[in-house]
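**Q** From the sequence below, what's the structure:
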Amino acid sequence: MGKALTESEIERYELARERIREISEDSDIAFKEFSDFFMQTSGQITYVLDLMDEMKQKDYFRKSISDLLEDNRLLFSQVLPEYYEESFTNPDYAEKKLGIYGKLLCFVAAELVYLPHLIIDGNVYNVLVLLELFLELYSMFSDEEKPTIRSVEEAVFYYAFDYVGEFTHDRMEETLIPSENAAYKLIMNSDLYIPKYLFGYGEYITRNEITLSQYLTSFSDAEIDRMAEVFTQGFRTGFDVNCVDFTGKKSVNIRYHVGEERIVRSAIKQFEKMGLKPILSRYAVNRISRRGVVKAGFESTSPNQQFEYDHRMDEALFLDGRYSDKKVNSARTVYEEFKVQAREYAGPAVIESFGEELFDPKAKDSVVRLSDEQQALSVDMNRKLSQISNEYIPGDAYSFTIIAFPVPDIGDKFEEIFSATMELNTLDNDKYRRIQQTIIDTLDTAEYVTVRGAGNNKTDMHVTMRHLADPEKETQFENCVADVNIPVGEVFTSPVLKGTEGVLNVSSAYLNGYFFKNISLTFKDGVITDYSCDNYPDEEDGRKYIRENILFNHETLPIGEFAIGTNTTAYMMAGKYDILAKLPILIVEKTGPHFAVGDTCYSHAEDKKVYNPDGKEIVSRENDFSLLRNTEPEKAYFNCHTDITIPYNELESIVAHYKDGSEIDIIRDGRFVLAGTEELNEAFDK
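**A** Residues are numbered from 1 along each chain as shown. Coordinates of the predicted model:
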């Protein structure tokens with residue numbers, strides 16, 4: 001959506017483009033290793049800009065699907081796995097060829113990968129400043145002597161520092177302000193029965209997206225509307241369930257996987273009937289706006305997850321106190337500008353996808369990493385950004401919904417799995433509500449609960465329960481059915497931290513986009529004291545992997561949630577098709593007990609009273625950390641929440657223990673044994 005260029009900026013853009021074309025044809029640099037970098041990178045820039053111009057012509061989409069796929073492949077060729085080993089976007093190769101300059105020039109090459117996204121979204125100013133950074137570096141290396149490493153570092157730093165305000169503004173405008181942008185026009189105006197429209201996104205498009213789009217054409221309009229209705233009505237119901245006032249809400253941010261446009265178009269129409277205009281924003285593509293590898297927005301198949309992983313901490317090249325302060329101040333300024341739209345924001349409506357090939361990242365010494373000081377600075381900056389966001393969009397003033405569908409990469413039985421997922425998303429809420437209430441009634445009177453693993457699973461957790469002042473009117477656990485969180489199937493609480501301890505262990509888990517092998521977390525008084533996984537031969541590499549991708553560089557995290565998943569149907573579906581590792585956490589968390597580390601499920605909304613269907617108030621909305629929100633807000637929240645589930649087949653028992661020494665089994669040997677829950681075992685028996 002970015003700002004329109006002024007006449008002088010248009011002139012700068014054209015001059016930059018022409019100069020880069022000249023470099024691709026003949027580099028003036030004497031040092032061959034740098035000449036190769038600038039010629040190859042300028043050649044790719046020129047190809048991308050020329051192709052994006054060609055795409056603006058109506059005749060372009062008369063090409064065959066195979067020709068469109070080839071053009072699209074060339075747009076992203078520098079990061080595709082078959083070329084990545086000898087690409088300057090690869091930190092290993094950049095370091096090998098460019099020495100001490102490798103990390104910096106590799107960062108620039110990586111930022112340039114996203115030119116198609118920026119151009120399609122109208123962020124031409126962002127393109128301009130990126131091209132000018134490239135030319136500035138080229139000029140520095142064109143001298144007879146190599147520039148100092150310090151001068152190159154400063155060029156990269158000031159690219160980020162000078163433009164963080166503009167980039168922050170653009171990103172917040174994209175995610176807060178409804179508009180008929182390129183994605184909206186594509187969805188509402190394209191013939192969605194002909195998949196050529198997919199290439200209008202500027203995203204990497206594969207047979208995955210094409211097959212998904214074509215498969216959805218096999219459904220009638222009524223069937224598509226029903227898929228969307230489960231999603232949109234869940235969003236609307238969330239306001240009632242969570243006691244959030246819907247009055248004055250005017251916008252909803254819809255996130256989805258490219259290829260799902262028929263569902264999204266129907267959802268847009270249904271939301272508009274509620275008075276909500278759609279916000280269709282791509283995930284953040286530049287490192288200034290993006291956090292780790294999180295993709296909050298519409299997306300497609302990644303051209304190379306290793307590339308994204310290698311560049312997950314590139315902000316280390318410019319993150320310091322000055323940059324942090326400017327980013328935080330910019331965020332506040334932009335929120336103040338958009339404060340009316342912020343009040344009108346109803347929340348995110350997310351269609352998650354699952355089924356893509358599992359990613360087990362390779363650890364590299366050449367990648368940019370945050371120093372200890374930068375890790376602390378990053379945590380503090382993100383905390384401040386979260387506080388500002390919560391001032392303008394309070395956690396108790398909006399809702400959300402999440403639903404998931406598979407993509408064709410899941411395998412030959414994609415259509416079967418899609419059908420099974422639709423059934424999963426529409427299970428009988430009333431049945432689960434009744435059964436889950438039985439579990440809650442049992443847990444509410446317990447002193448503590450134990451969770452123990454079976455076989456090689458070393459889980460041995462002791463979870464302290466909360467004393468209820470008025471059991472007739474209060475409860476600890478939320479009875480979660482399919483409204484904001486689809487599919488149905490869990491009871492959850494924010495446990496008492498003091499006395500909650502032990503080991504949580506899972507043989508394998510897909511968490512925050514990454515695969516973990518034999519992950520173990522040790523807790524004392526509800527906070528992590530130790531952790532390990534078997535992803536790497538070097539134990540320390542495994543610890544770094546967990547610290548970066550689960551702890552998000554915090555020294556420790558508390559348990560924010562203890563839950564028991566009840567969706568045995570989802571578990572058996574996963575087993576039938578051997579896809580448990582590929583399921584999103586949205587579904588996985590319903591397939592066994594789970595613990596979440598980080599903030600509670602009621603983060604920033606602890607003061608909003610919420611109730612179960614039986615009328616009891618859910619009083620376990622906070623813990624020892626969130627209690628500090630008014631006195632020491634810097635210690636109250638961690639801005640993360642990661643669910644780790646123990647599947648039924650790795651579970652020996654869940655037992656409720658009472659003051660008098662008695663105990664009641666909830667689950668024994670992976671099966672529900674509590675009276676009133678036996679129906680849940682029917683899926684196992686089938």
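**Q** Tell me the spatial nearest neighbour of Asn639, not counting adjacent residues.
**A** The shortest distance from Asn639 to any non-neighbouring residue, by CB to CB, 6 or more residues apart in numbering, is to Ser386 (4.7 Å). All C-beta spots, glycine's among them, are computed from the backbone N, C-alpha and C.
**Q** Just confirm the one you found is within a strand.
**A** No. Assigned with DSSP: H, G, I helix; E, B strand; the rest coil, Ser386 falls outside any strand and is helix.
**Q** Roughly how far does it sit from Val610?
**A** Distance of Ser386 to Val610, computed by CB to CB, to the nearest Å: 21 Å.
**Q** all helices in the stretch 501-650 of the chain, in order from the N-terminus.
**A** Under the criterion DSSP state H, counting those that start in this stretch, the stretch 501-650 of the chain contains helices at 539-549, 568-577, 585-588.
**Q** contacts for the last one?
**A** This means helix 585-588. Identification of contacts with helix 585-588 by CB atoms under 8 Å, 6 or more residues apart in numbering yields 352, 354, 402-404, 424, 485-487, 509-511, 567, 570, 574, 580, 594, 643, 645.
**Q** can you check stretch 12-20 too?
**A** 5, 42, 45-46, 49, 124, 127-128, 131-132, 134-135.
**Q** For PyMOL, write a command that selects the buried ones of the residues you listed.
**A** Remark: buried members of the contacts of stretch 12-20, expressed as a PyMOL selection using 16 or more other CB atoms under 10 Å:
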select buried, resi 42+45+46+49+124+127+128+131+132+134+135
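**Q** Between all of the contacts of stretch 12-20, which two are separated the most?
**A** Greatest spacing in the contacts of stretch 12-20, by CB to CB: Leu5 and Ser42 (21.2 Å).
**Q** Point me to the helix or strand that includes Arg171.
**A** Per DSSP states H and E: Arg171 is located in helix 149-176.
**Q** what separates that helix from the chain centre, distance-wise?
**A** 22 Å (CA atoms, centre = their mean, to the nearest Å).
**Q** Rounded mean pLDDT for it, please.
**A** Averaged over helix 149-176, pLDDT sits at 96.
**Q** And stretch 242-249, by the same measure?
**A** Rounded mean pLDDT across stretch 242-249 is 92.
**Q** what pLDDT does Lys3 get?
**A** So, for Lys3, pLDDT stands at 68.
**Q** cool, and the one 5 residues further on?
**A** Looking at Ser8, its pLDDT is 91.
**Q** Kindly report the same for Val481.
**A** 86.
**Q** Surely it touches Asp428?
**A** No. When contacts are counted by CB atoms under 8 Å, Val481 is not listed as touching Asp428 (9.3 Å).
**Q** quick one, which of these two is more surrounded?
**A** Shown here are Val481 and Asp428; by other CB atoms under 10 Å, Val481 has more neighbours (24 against 11).
**Q** List the residues that contact that one.
**A** Val481 neighbours (CB under 8 Å, 6+ apart): 429, 432-433, 436, 488-489.
**Q** buried set for the helix or strand harbouring Leu377?
**A** Take DSSP H and E as the rule and Leu377 turns out to sit in helix 372-392. Under the neighbour-count criterion of 16+ other CB under 10 Å, helix 372-392 has 374-375, 377-379, 381-390, 392 buried.
**Q** got it, and stretch 139-149?
**A** Neighbour counts over stretch 139-149 (16+ other CB under 10 Å) mark 141-142, 146-147 as buried.
**Q** Pretty sure Gly238 sits against Tyr398.
**A** No. Look at Gly238 against Tyr398 with CB under 8 Å: they stay out of range, at 9.1 Å.
**Q** So what's the residue count around Thr677?
**A** Using other CB under 10 Å: Thr677 sits among 20 other residues.
**Q** Relative to Tyr658, how far out is it?
**A** For Thr677 relative to Tyr658 (CB to CB), the value is 18 Å.
**Q** before we move on, back to that, okay, and the common contacts of Gly238 and Tyr398?
**A** In terms of CB under 8 Å, 6+ apart, Gly238 and Tyr398 are both contacted by the residues 244, 347.
**Q** got JSON lines for the buried residues of stretch 139-149, with secondary structure and distance to Arg62 too?
**A** As requested, these are exported to JSON lines (DSSP: H, G, I helix; E, B strand; the rest coil; distance: CB to CB, whole Å):
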{"residue": "Phe141", "secondary structure": "helix", "distance to Arg62": "42"}
{"residue": "Ser142", "secondary structure": "coil", "distance to Arg62": "42"}
{"residue": "Lys146", "secondary structure": "coil", "distance to Arg62": "48"}
{"residue": "Pro147", "secondary structure": "coil", "distance to Arg62": "47"}
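**Q** Farthest pair within those?
**A** Ser142 and Lys146 (10.6 Å).
**Q** just for the stretch 1-150 of the chain, where's the confidence low?
**A** Filtered on pLDDT under 70, the stretch 1-150 of the chain yields the residue ranges 1-3.
**Q** Within the helices and strands, which one has Ser27?
**A** Judged by DSSP H and E, Ser27 forms part of no helix or strand.
**Q** How many neighbouring residues does it have?
**A** That count, for Ser27 with other CB under 10 Å as the rule, works out to 21.
**Q** quick one: it and Ile20, what's the gap?
**A** Separation of Ser27 from Ile20 (CB to CB) stands at 11 Å.
**Q** any idea how far the residue lying closest to Leu377 once chain neighbours are set aside is from Gln476?
**A** Setting aside the residues directly before and after it, Leu377 is nearest to Ser324 in space (CB to CB, 6+ apart), at 5.7 Å. Plainly put, Ser324 is 39 Å away from Gln476 if you go by CB to CB.
**Q** which of these two has more neighbours?
**A** Set Ser324 next to Gln476 and count neighbours by other CB under 10 Å: Gln476 wins out with 26 against 20.
**Q** What residues does Met39 make contact with?
**A** Applying CB under 8 Å, 6+ apart, the residues near Met39 are 23-24, 27.
**Q** next one: Val488
**A** 427-429, 432, 480-482, 567, 590.
**Q** Strands of the stretch 201-350 of the chain, start to end?
**A** Here the stretch 201-350 of the chain has its strands, by DSSP state E, counting those that start in this stretch, at 251-255, 277-279, 345-354.
**Q** Tell me, please, where in the protein the pLDDT is lower than the cut-off.
**A** For the chain (pLDDT under 70), the answer is 1-3.
**Q** To which secondary structure element is the spatially closest residue to Leu75 that is not a sequence neighbour assigned?
**A** Nearest residue to Leu75, sequence neighbours excluded (CB to CB, 6+ apart): Pro116, at 5.4 Å. Element membership for Pro116 (DSSP H and E) is helix 115-120.
**Q** ditto for Asn126
**A** Per DSSP H and E: helix 124-141 holds Asn126.
**Q** Residues touching that helix, excluding its own?
**A** Residues contacting helix 124-141 (CB under 8 Å, 6+ apart): 2-3, 5, 9, 12-13, 16-17, 19-20, 23, 29, 31, 34, 38, 41-42, 45, 105, 108, 111-112, 115, 118-119, 147, 151-152, 155-156, 159, 162-163, 166-167, 170, 286.
**Q** from these, which would you call buried?
**A** Buried, going by 16+ other CB under 10 Å: 2, 12-13, 16-17, 19-20, 23, 29, 34, 38, 41-42, 45, 105, 108, 111-112, 115, 118-119, 147, 152, 155-156, 159, 163, 166-167, 170, 286, out of these.
**Q** what about the residue nearest to Leu75, distance to Lys686?
**A** From Pro116 to Lys686 the distance is 47 Å (CB to CB).
**Q** Among these two, which residue is more densely surrounded?
**A** Pro116 (21 against 9).
**Q** wait, what's in contact with the more buried one?
**A** Per CB under 8 Å, 6+ apart, neighbours of Pro116: 48, 52, 75, 202-203.
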